[in-house]
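In: Could you look at this predicted model? Sequence included:
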Amino acid sequence: MSDRPIALDEYPIHQVPLSLRHVATGDRNAYDRCIFHVLDHSGRALLIAGLGVYPNTGVIDAYATLRLGDRLHAVRASDALTDDRMALTVGPLSITVEEPLARLRLTCAADPGDPDGLAYDLTWTAAFPATWEPHHTQYRGDRLTLQARRFVQAGTCTGRIRVAGEEIAVTAGEWTGTRDRSWGVRPIPGEDPGRAGAELRTEGFHWIWCPVRFDDRFVMVIVQEDADGYRTLNEARQVRPDRPDVQLGWPHTDISYRPGTRHPERAVVHLTGPAREPLDLTVEILTSSPLAVGAGYPPADPVDDWQHGTWRGRGWTDRRVYDLKDPAARPHAAYGVTDHAARFTLDGRTGYGIFEHGSFGRHDPSGFADYAAVAPEADR
């Protein structure tokens, strides 16, 4: 352990009797990261960007992916974590907190050797207060493998995106931004999973994470279920400025999948208002970005692709363009979570946000019997 304090130790913000160089747990899977979604209301473009710190492995990394048509433009960077925890920069990717919980700047510097590569300069501005998500825990056998705290927020984005010789204007009236901040313990690839990992395969997992911005309100829905439909995480909340948050009951979702897949095309989330009145949040998918392709979430797309928190050496940067026309080219992306930019309606209002979804293995409420099960083909 270093005997030198860091700059953050000057401030009275300590939670445990350690320097802020260290976290309270020695678990290698300790993490602290963020994700941003910036989506065009027409469904033409979806930008996803994030940055993570892994203090017990000494890694800081970041990524950005832009879905534009059938191509996914990806930038990833990784480096050694330094003592300057306020510097949210890795290679060409940066996040600047200009006003906490209110305004952030997201940048990706251009690659001088690739004038057609992805670059952007965006200002993300909150439209609603940040709100907590439920405390998230998950076990594999008797071992606690995930313990995370998160907040979520919706707002607007302005600025420019440049890619493939095109400059795209990002305007507040035609684009929406959402973001999520989380920290705690979450599995990093490379650890021996032990007996529990080898013997206790998850029979089924069903996930929905759904932040939606309307002009006058923000709605957040979270559902996590086991194979039999038993719910282990649940949230349905409405946030409005200067008003108390409102809970919207126990959400139930009807999802229409593309035949032969588990790719949602539309959905209805059934909510309940404070007077017990039924409220239906309808979902129309505009475009989609699988997080296992380019963004570092498991499962990795090719075997050698990058994943969060893994050591790639100092000053590592990678740029790739993926062709998404043929889903069969990356079949295991279907076993990862996909973020869908979507148009929503609720109580006569139209909003925009993310319908993040993953359904793997058995899920009795959806009629999926095992990992190979998919939605039936349409009648011919």
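Out: Nice, I can see it. Residues are numbered from 1 along each chain as shown.
In: what about H332, which SS state?
Out: helix (DSSP: H, G, I helix; E, B strand; the rest coil).
In: Just list the residues touching the residue nearest to it when sequence neighbours are not counted, thanks.
Out: Leaving out its chain neighbours, the residue that sits closest to H332 by C-beta to C-beta, 6 or more residues apart in numbering is P299, at 4.9 Å. Placement of C-beta: from N, CA and C, glycine included. Counting by C-beta atoms under 8 Å, 6 or more residues apart in numbering, P299 touches 292, 332-333, 335-336.
In: any idea how far the residue nearest to S288 when sequence neighbours are not counted is from L291?
Out: Nearest non-adjacent residue to S288, counting by C-beta to C-beta, 6+ apart: H340, 4.7 Å away. Going from H340 to L291 by C-beta to C-beta, to the nearest Å gives 11 Å.
In: again with T261
Out: Distance from T261 to L291, by C-beta to C-beta: 16 Å.
In: neighbour-wise, which of these two wins?
Out: Per other C-beta atoms under 10 Å, whichever of T261 and L291 has more neighbours is L291, with 21 against 12.
In: confidence score at that one?
Out: L291 is assigned 96 on the pLDDT scale.
In: for the residue nearest to G58 when sequence neighbours are not counted, what are its contacts?
Out: The shortest distance from G58 to any non-neighbouring residue, by C-beta to C-beta, 6+ apart, is to L81 (5.0 Å). With contact taken as C-beta under 8 Å, 6+ apart, L81 is in contact with 53-55, 58-60.
In: circling back to that earlier point, pull out the buried residues from the contacts of P299.
Out: For the contacts of P299, a neighbour count by 16 or more other C-beta atoms under 10 Å gives the buried set as 292, 333, 335-336.
In: which one of those sits closest to M220?
Out: For the buried ones among the contacts of P299, the minimum distance to M220 (C-beta to C-beta) is 21.9 Å, reached by G336.
In: Show the subsequent helix or strand relative to the longest strand belonging to the chain.
Out: Scanning the chain for the strand with the most residues, using DSSP state E, yields strand 143-163. Using DSSP states H and E, the helix or strand that follows strand 143-163 in sequence is strand 166-170.
In: and the residue nearest to G58, how far is that from P134?
Out: For L81 relative to P134 (C-beta to C-beta), the value is 29 Å.
In: possible to save the contacts of L81 as CSV with distance to T158, pLDDT and secondary structure?
Out: Listed next are the contacts of L81 as CSV, based on distance: C-beta to C-beta, whole Å; pLDDT from 0 to 100; DSSP: H, G, I helix; E, B strand; the rest coil:
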residue, distance to T158, pLDDT, secondary structure
V53, 27, 98, strand
Y54, 31, 98, strand
P55, 33, 96, coil
G58, 35, 97, coil
V59, 32, 98, strand
I60, 27, 98, strand
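In: ChimeraX command to pick out the buried ones of the residues you listed?
Out: Selecting the buried subset of these in ChimeraX, with 16+ other C-beta under 10 Å as the burial test, is done by:
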select :53,54,55,59,60
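In: OK, contacts around R179?
Out: 34-37, 104, 124, 152-155.
In: Just confirm it is within a strand.
Out: Yes. Counting by three-state DSSP, R179 is found in a strand.
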